[in-house]
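Peer 1: Provided below are the primary sequence and the corresponding predicted coordinates.
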Amino acid sequence: MLIETLDTARDLGRLKEILGVMVRHGFGDTVRRLGLTDKLERAGQALNWAHAADLARLEPPVQVRLALEELGPAFVKFGQILAGRADLFGPEWIAEFEKLHSHVPAVPLETLRPQLREDLGAEPEEVFAWFDTTPLAAASIAQVHRARLHDGREVVVKIRRPGIADTIQADLRLLQRLAALAETELPALKPYRPQQLVHEFARSLRRELDLAGECRQAERIAANMAALPYIVIPRVDWEHTRERINVQDFIDGTPGGALAALTPEAGFDRTLLAQRGARAVLQMIVQDGVFHADPHPGNVFYLPGNAIAFIDFGMVGRLSQRRRDELLQLLLGLVEQRPQAVADVLLDWTDNGQGVNIGQLETEIEAFVDQYHGVPLAQLSLGQMLADVTAILREHQLGLPSDLALLIKAFISLEGMGRNLDPDFHMASEALPLLKEVVRKRYEPRKLAGRAWSTLRRALTTVEQLPDDLGRLLRNARRGRLQVSIDLAHLKRVGDQIDRSANRLAMALVIAALIIGSSIVMTVKGGPTLFGLPAFGFLGFTGAVVCGLWLVRAIWRSSHHRDDD
């Protein structure tokens with residue numbers, strides 16, 4: 001099936017290379033079970049099985065890591081993405097995936113010149129006042145050179161490798177087809193969601209290929225960080241930035257991994273650096289919803305005055321407002337030791353799990369959080385708690401949505417960096433004040449009124465569209481196109497939610513009717529009055545206010561009722 005759909009002879013050759021690497025690294029049986037050995041042989045190709053037994057003696061995680069390194073940039077990047085999926089892979093696998101680095105030689109400048117001339121419009125030595133022909137750093141997708149603009153600014157020039165986009169697109173085609181085949185032929189891999197993983201990886205890698213898009217993300221985060229003067233994001237030189245090249249300020253600071261250089265004599269306060277870094281990333285995640293998804297030491301520099309610079313925004317995570325609200329409830333539940341709040345959020349995140357014992361999962365989550373009851377805040381490791389929660393989900397073969405898996409990876413990396421800076425650093429202590437501040441802001445009267453108005457508008461829109469929706473439902477039923485899917489696992493829970501939602505919707509409609517009716521009554525002259533106003537109109541508005549307060553209280557209690565158990 002896979003071979004018949006390959007686009008070119010080049011794809012067939014690449015497939016042979018991939019399968020050959022799999023065989024050499026001890027996965028010959030997997031190749032046979034996929035049915036690809038016979039098909040390749042019928043197509044005139046042959047796999048080299050020599051020395052496969054020697055490599056097969058290695059542990060499977062090591063075999064996979066070595067195979068990914070041998071297969072090149074796209075597969076190395078895929079392994080780096082998998083390093084953030086602690087919800088799918090155990091610690092031994094994550095440890096191996098984290099060893100994956102793109103050990104690739106730099107491209108000679110003469111090879112880059114045709115592409116540079118096309119993107120810059122001239123030779124780099126003409127465009128820049130000074131251009132270093134020796135790369136500062138090289139990776140699988142791009143390499144970086146130092147340069148100086150004519151106005152004196154020191155910059156770095158990030159250049160995409162020539163032809164890398166075509167190579168990656170070809171590998172992505174094969175990965176997508178191999179994932180579909182694996183999900184069909186190897187049921188044991190289904191809990192790992194191969195096709196979904198490859199789809200998420202392809203989307204992330206295509207974004208990373210757009211170097212101008214990386215700069216747009218950097219500017220967006222820089223705008224969000226404007227209130228924190230100690231956070232530095234490199235400025236972008238848009239005049240020379242394109243899809244295949246970007247130019248940003250050169251950051252001259254102490255690399256995040258050079259901890260020995262962060263001494264008081266050099267003017268550094270490591271405790272303050274840990275606190276400031278945590279504050280910045282927590283704001284990105286909890287308040288802004290756009291965050292640096294790979295805050296490892298290589299992407300961080302420490303500057304004089306205890307400032308912190310973040311670089312390389314090729315991997316950026318995004319969280320919707322709904323996700324941020326759920327995350328807020330989860331983190332507060334962990335920090336304040338409220339197990340039911342944690343269980344509620346995780347069950348909402350994993351509602352699509354099939355054949356999962358929800359009661360057992362909920363009991364395990366509650367027992368996990370409850371073990372921290374009475375533990376001082378300063379002794380909690382929030383990153384480790386998140387890692388343990390994902391381990392529970394992994395045992396139940398439940399995977400988190402990709403945006404949340406990326407978030408938890410960033411959170412764990414952040415706490416690790418904080419502890420390296422200051423052994424007494426505690427993420428929970430840093431997070432709690434910010435979390436409470438965000439909660440307080442969410443329930444300000446102005447924002448409550450805005451959410452109530454949005455809810456009312458949605459309710460009215462739903463009522464207005466109801467006849468059309470019923471009409472479509474009946475037409476589909478008459479044509480035999482009506483499909484009904486029932487999931488009994490959450491029936492009682494969903495039923496309760498529907499009941500509460502229906503009550504709120506009915507109350508919202510009553511409030512709307514009271515407001516409209518009272519407004520009409522206010523325009524009618526005559527009749528009894530109260531405080532100089534038409535009595536019935538005044539009473540109607542009073543009733544609307546009382547009902548509105550009841551509705552706000554009901555929404556508040558609904559979001560917190562389990563926490564009080």
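Peer 2: Thanks, I have it.
Peer 1: What is the end-to-end distance of stretch 186-197?
Peer 2: Using Cα to Cα, to the nearest Å, the end-to-end distance of stretch 186-197 comes out at 16 Å.
Peer 1: Just the C-alphas of stretch 543-550, formatted as PDB.
Peer 2: The C-alpha coordinates for stretch 543-550 follow below in PDB (Å, rounded to 0.1, in the frame of the first residue of the first chain):
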ATOM      1  CA  GLY A 543     -36.000  41.300  39.600                       C
ATOM      2  CA  ALA A 544     -33.500  41.300  36.700                       C
ATOM      3  CA  VAL A 545     -30.800  42.500  39.000                       C
ATOM      4  CA  VAL A 546     -31.600  39.800  41.600                       C
ATOM      5  CA  CYS A 547     -31.700  37.100  39.000                       C
ATOM      6  CA  GLY A 548     -28.500  38.300  37.500                       C
ATOM      7  CA  LEU A 549     -26.700  38.200  40.800                       C
ATOM      8  CA  TRP A 550     -28.100  34.700  41.400                       C
END
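Peer 1: Could I get the average pLDDT for it?
Peer 2: Averaging pLDDT along stretch 543-550 gives 75.
Peer 1: Check which residues of it are buried.
Peer 2: By 16 or more other Cβ atoms under 10 Å, the buried positions in stretch 543-550 come out as G543, A544, C547, G548. In this view, the C-beta of every residue, glycine as well, is placed from N, C-alpha and C.
Peer 1: which among those gets closest to A122?
Peer 2: Within the buried residues of stretch 543-550, the smallest distance to A122 is 65.5 Å, found for G548 (Cβ to Cβ).
Peer 1: what's around L434, how many residues?
Peer 2: 18 (other Cβ atoms under 10 Å).
Peer 1: picking up where we left off before, quick check, nearest of the buried residues of stretch 543-550 to L400?
Peer 2: Nearest to L400 among the buried residues of stretch 543-550, counting by Cβ to Cβ, is G548 at 36.9 Å.
Peer 1: Can you give me every residue that contacts the closest residue to that closest one other than its chain neighbours?
Peer 2: The shortest distance from G548 to any residue other than its chain neighbours is 5.6 Å, reached at I511 (Cβ to Cβ, 6 or more residues apart in numbering). Taking Cβ atoms under 8 Å, 6 or more residues apart in numbering, we find I511 in contact with L456, A544, C547, G548, L551.
Peer 1: Next one, pLDDT for I511 please.
Peer 2: 73.
Peer 1: Where do the strands of the chain begin and end?
Peer 2: Along the chain, counting by DSSP state E, strands occupy 130-131, 137-138, 142-148, 154-160, 231-232, 245-249, 254-255, 290-292, 300-303, 307-310, 316-318, 529-530, 533-534.
Peer 1: ok so, going back, let's see which of the contacts of I511 end up in helices.
Peer 2: L456, A544, C547, G548, L551 (DSSP state H).
Peer 1: how about TSV for those residues, with distance to D344 added?
Peer 2: Output for those, formatted as TSV (distance: Cβ to Cβ, whole Å):
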residue	distance to D344
L456	26
A544	32
C547	27
G548	26
L551	21
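Peer 1: Let me know the closest of these to L319.
Peer 2: Checking those one by one against L319 (Cβ to Cβ), the nearest turns out to be L456, at 26.1 Å.
Peer 1: How about V300, nearest residue that isn't a chain neighbour?
Peer 2: G256 (3.6 Å).
Peer 1: Contact partners for the one you found?
Peer 2: G256 sits in contact with H296, P297, G298, N299, V300, F301, Y302, M417, where contact means Cβ under 8 Å, 6+ apart.
Peer 1: Identify the farthest-apart pair in the residues you listed.
Peer 2: Across the contacts of G256 (Cβ to Cβ), the longest gap, 14.2 Å, separates H296 and Y302.
Peer 1: what about these two, which has more around it?
Peer 2: Per other Cβ under 10 Å, whichever of H296 and Y302 has more neighbours is Y302, with 24 against 17.
Peer 1: and that one, how far is that from G267?
Peer 2: Y302 sits 10 Å away from G267, going by Cβ to Cβ, to the nearest Å.
Peer 1: again with P162
Peer 2: P162 is 43 Å from G267, by Cβ to Cβ.
Peer 1: same check, this time on E69
Peer 2: Applying Cβ to Cβ to E69 and G267 gives a distance of 40 Å.
Peer 1: which one of those two has more residues nearby?
Peer 2: Set side by side, E69 and G267 show more neighbours around E69, with 17 against 10, by other Cβ under 10 Å.
Peer 1: Just give me the closest of the contacts of I511 to E364.
Peer 2: For those, the nearest to E364 is L551 (35.4 Å; Cβ to Cβ).
Peer 1: Skip the chain neighbours and tell me the closest residue to that closest one.
Peer 2: Computed as Cβ to Cβ, 6+ apart, the closest residue to L551 that is not its neighbour in sequence is M507, at 5.2 Å.
Peer 1: what's near enough to touch the one you found?
Peer 2: C547, W550, L551, A554.
Peer 1: And the pLDDT at it?
Peer 2: Looking at M507, its pLDDT stands at 70.
Peer 1: got the domain boundaries for the chain?
Peer 2: For the chain, the structural domains run 3-102+168-204, 253-437, 445-477+487-564, going by automatic domain parsing.
Peer 1: Adding distance to Q275, write the buried residues of stretch 543-550 out as TSV.
Peer 2: Below are the buried residues of stretch 543-550 laid out as TSV (distance: Cβ to Cβ, whole Å):
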residue	distance to Q275
G543	50
A544	47
C547	46
G548	41
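Peer 1: Next one: T134 from D237, what distance?
Peer 2: Taking Cβ to Cβ, one finds T134 at 21 Å from D237.
Peer 1: Between the two, which has more neighbouring residues?
Peer 2: Just comparing T134 and D237: by other Cβ under 10 Å the higher neighbour count belongs to D237, 18 against 8.
Peer 1: who touches that one in this structure?
Peer 2: L149, R153, V155, V247, Q248.
Peer 1: where are the low-confidence patches of the stretch 351-500 of the chain?
Peer 2: Within the stretch 351-500 of the chain, the set of residues satisfying pLDDT under 70 comprises 351-356, 373-380, 399, 402-403, 438-439, 441-500.
Peer 1: Next up, the contacts around V21.
Peer 2: V21 neighbours (Cβ under 8 Å, 6+ apart): A67, E70, L71.
Peer 1: do that again at 10 Å, thanks
Peer 2: F27, L66, A67, L68, E69, E70, L71, G72, F75 (Cβ atoms under 10 Å, 6 or more residues apart in numbering).
Peer 1: these two touch, right, the second one and L58?
Peer 2: Yes: A contact is recorded between L66 and L58 when judged using Cβ atoms under 10 Å, the distance being 7.5 Å.
Peer 1: Quickly list what's touching both of those two.
Peer 2: Listed as contacting both L66 and L58 by Cβ under 10 Å, 6+ apart are H25, G26.
Peer 1: Compare neighbour counts for those two and give me the winner.
Peer 2: L66 (19 against 14).
Peer 1: quick one: the nearest residue to I408 once chain neighbours are set aside from D422, how far?
Peer 2: Sequence neighbours aside, L386 is the residue nearest to I408 in space, at 5.0 Å (criterion: Cβ to Cβ, 6+ apart). For L386, the distance to D422 (Cβ to Cβ) stands at 20 Å.
Peer 1: my guess is G26 contacts P61, does it?
Peer 2: No: in this structure, G26 is not within contact of P61 by Cβ under 10 Å, at 11.5 Å.
Peer 1: higher neighbour count, L386 and D422?
Peer 2: L386 (22 against 15).
Peer 1: quick one: contacts for that one?
Peer 2: A86, L330, L331, L334, L404, L407, I408, K409, F411, I412, E415, M427 are the contacts of L386 under Cβ under 10 Å, 6+ apart.
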